[in-house]
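Quick one, fold the following:
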Amino acid sequence: MGAVLSGGIEGVSARYAAQIRELLHVQAMKRLAAEQEAARRAIEAQEAALAALLARGAATTPVKEPVKVDVEPAKAELAEPVSMTEPSEPAPVPPAQIFNEQA
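The predicted model follows:
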């Protein structure tokens, strides 16, 4: 009779555990949706603030002429080539990289 009682308790415990898991999953999904909505609203607020700033700045900033650049490729000079020099002695090997191949 003890097996019947314990089996009944285990069944109730398993259902209770499944309900808790489902509740936690639903809460996590709601929290995720709320975080995404909050992020969307924050981005929209930043975009609105930037648009207002640009609109305000555009009204007060005078329009300037574009910068004109005169490039004459005939006068361009090549830079001096960089020469690689050989090191006078090899770099020391750190102790952590020394190992015995025969081991």
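
going forward, measure contacts and count neighbours with C-alpha atoms only.
Will do.

now the residue nearest in space to the middle of the chain: how far from residue 32?
In the chain, the centroid-proximal residue (CA atoms, centre = their mean) is residue 39; its distance is 14.9 Å. Going from residue 39 to residue 32 by CA to CA, to the nearest Å gives 11 Å.

Kindly report the same for residue 41.
14 Å.

before we move on, what about residue 82?
The value you get for residue 82 to residue 32, if CA to CA is used, is 55 Å.

More neighbours: the two, which one.
residue 32 (12 against 6; other CA atoms under 10 Å).

what about stretch 22-32, average pLDDT?
Averaged across stretch 22-32, pLDDT comes to 95.

now swap in stretch 48-55 and tell me
Mean predicted lDDT for stretch 48-55 stands at 87.

And it, what's buried?
Buried residues in stretch 48-55, counted by 16 or more other CA atoms under 10 Å: none are found.

before we move on, the earlier item: secondary structure class for the residue nearest to the centre of the chain?
Of the three states, residue 39 takes helix under DSSP: H, G, I helix; E, B strand; the rest coil.

One more: residue 90?
Applying three-state DSSP: residue 90 is coil.

Where does pLDDT dip in the chain?
1-9, 58-63, 76, 78, 87, 93-103 (pLDDT under 70).

cutoff 90 now
In the predicted model of the chain, residues 1-17, 50-103 satisfy pLDDT under 90.

now the strands: where do they sit in it?
Taking DSSP state E, the chain contains no strands at all.

Mind jotting down where the helices sit in it?
2-60 (DSSP state H).

Only alpha carbons, please: show stretch 25-39 as CSV.
Coordinates of each C-alpha in stretch 25-39 appear next as CSV, following Å, rounded to 0.1, in the frame of the first residue of the first chain:
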residue,chain,number,x,y,z
HIS,A,25,8.2,29.9,-19.0
VAL,A,26,5.2,32.2,-19.4
GLN,A,27,6.7,34.7,-17.0
ALA,A,28,10.0,34.7,-18.9
MET,A,29,8.2,35.2,-22.2
LYS,A,30,6.3,38.2,-20.8
ARG,A,31,9.5,39.6,-19.3
LEU,A,32,11.2,39.2,-22.7
ALA,A,33,8.3,40.9,-24.5
ALA,A,34,8.3,43.8,-22.0
GLU,A,35,12.1,44.2,-22.3
GLN,A,36,11.8,44.3,-26.1
GLU,A,37,9.0,46.8,-26.0
ALA,A,38,11.0,49.0,-23.6
ALA,A,39,14.0,48.9,-25.9
